[in-house]
Each structure stands twice: as C-alpha cells, then as structure tokens.
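Q: Quick one: sequence plus predicted model below, questions after.
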Amino acid sequence: MGYPSRDEKQFRVIYESFYGQAFYTAWAILKDYNLAEDATQEAFIEVFTHFDKLPGEDNFLRWLKTVTARKAIDLWRKHRKSQAREQAAAGRSSQDSGFLATENKVLIYQLLQELPATYRQIIYLRFYCDFSVRETAEIMQVKEGTVKSRLHRALSYLKRKCEVAREVRELRRC
C-alpha cells in the first residue's frame, strides 16, 4: 500500500469538513439514521467520482446538499416501496402518528414529522436549504407546479394544525 495521493488527501479534507452538513441534509429528509448515513455515503461517492469536476468553493456546499438530497430521496423511494410490499404481505396499513398541541418549536417539529414525507421534503428543501421552486423541482425530479401545490398543501396543513393546537391550549386553560 502506497502513500495517499494528493487527491485522496484533498478528498479526506472535504469529507471531514462537510460530512456533518451532508448527513443533516439526508437526515432531515429521511428521519432515519441508517438511511441518512447511506445517502451521505452515496453523495460522497459522487463527490469522489466527480472529484476533478467539482464546483468552486462558493458553490460546492450547495452542490453537495443537492446531491445528498437527491440520494436521500432515491433511498426514501426505495425504502417506501419495500415497506409497502412488507405491509401488503402482512396485511397491515400504515397509520399516522399523533401530535402534541403546544405552541413552540417542538410543536412545529412534531407537525413536520406528521407530514407525509413528500411534503416534509419540500418544506426542508425550500425553507431549510433555501432552494428555489425550480431547484426543488429539479432535486425531487418533479414539475415546478407539483412543488408549488405540495408546498401549499403542506403549509395549509401546518396552519390548520397550529390553529387546532391553539384551541386545545385555550380549552385546557378553562
């Protein structure tokens, strides 16, 4: 085994510097540690494969987040299909988790967890990663109109749930 090449050293620096941000991007979409780890590893395989063509420093993190998000969405789709097959074989149906009615960041976090994954992904890409509608559509491989309608539905759902939470909170005060 020889000494690592200059590219291997540079890759190691990039990997160690950006792994956390890439992992967080994948985890925010998948909400599963192991799947997020897999998506992050696949994203860094993409980095290594295209090492000689990487974007400049200014665009690298955005590019890495885009690649990671695409890998996470691909894994989510595969995982969803396998879960559907398992549930069909077992004769079970999926059930939504409940939500706790409190007005703070915990409530928003919990409400986001209740969203279907496609809506949660769009919220994450638009508001946490700050991608445009066009960029979000490209990452998710859907039309811009689909992004807009899913975003509208997700925000409407969150608004309704927040209103219900306020009403529950007021009833508890009585």
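A: Cool, got the structure.
Q: contacts and neighbour counts: CA atoms only from here.
A: Noted.
Q: quick one, what contacts Thr136?
A: Ile122, Leu125, Arg126, Glu144, Val147 (Cα atoms under 8 Å, 6 or more residues apart in numbering).
Q: Next, work out how far apart it and Lys65 are.
A: Noted for Thr136: a distance of 11 Å to Lys65, by Cα to Cα, to the nearest Å.
Q: just Asp32 next, same as before
A: Taking Cα to Cα, one finds Asp32 at 17 Å from Lys65.
Q: Those two: who's more crowded?
A: Lys65 (23 against 13; other Cα atoms under 10 Å).
Q: ok, and the closest non-adjacent residue to the more buried one?
A: Spatial nearest neighbour of Lys65, chain neighbours left out: Ala22 (5.9 Å); criterion: Cα to Cα, 6 or more residues apart in numbering.
Q: what's the helix or strand for the one you found?
A: helix 6-30 (DSSP states H and E).
Q: Run through who's touching that helix.
A: Residues from elsewhere that reach helix 6-30 (Cα under 8 Å, 6+ apart): 33, 35-37, 39-40, 44, 48, 51, 61, 64-65, 68-69, 71-73, 76, 117, 120-121, 124.
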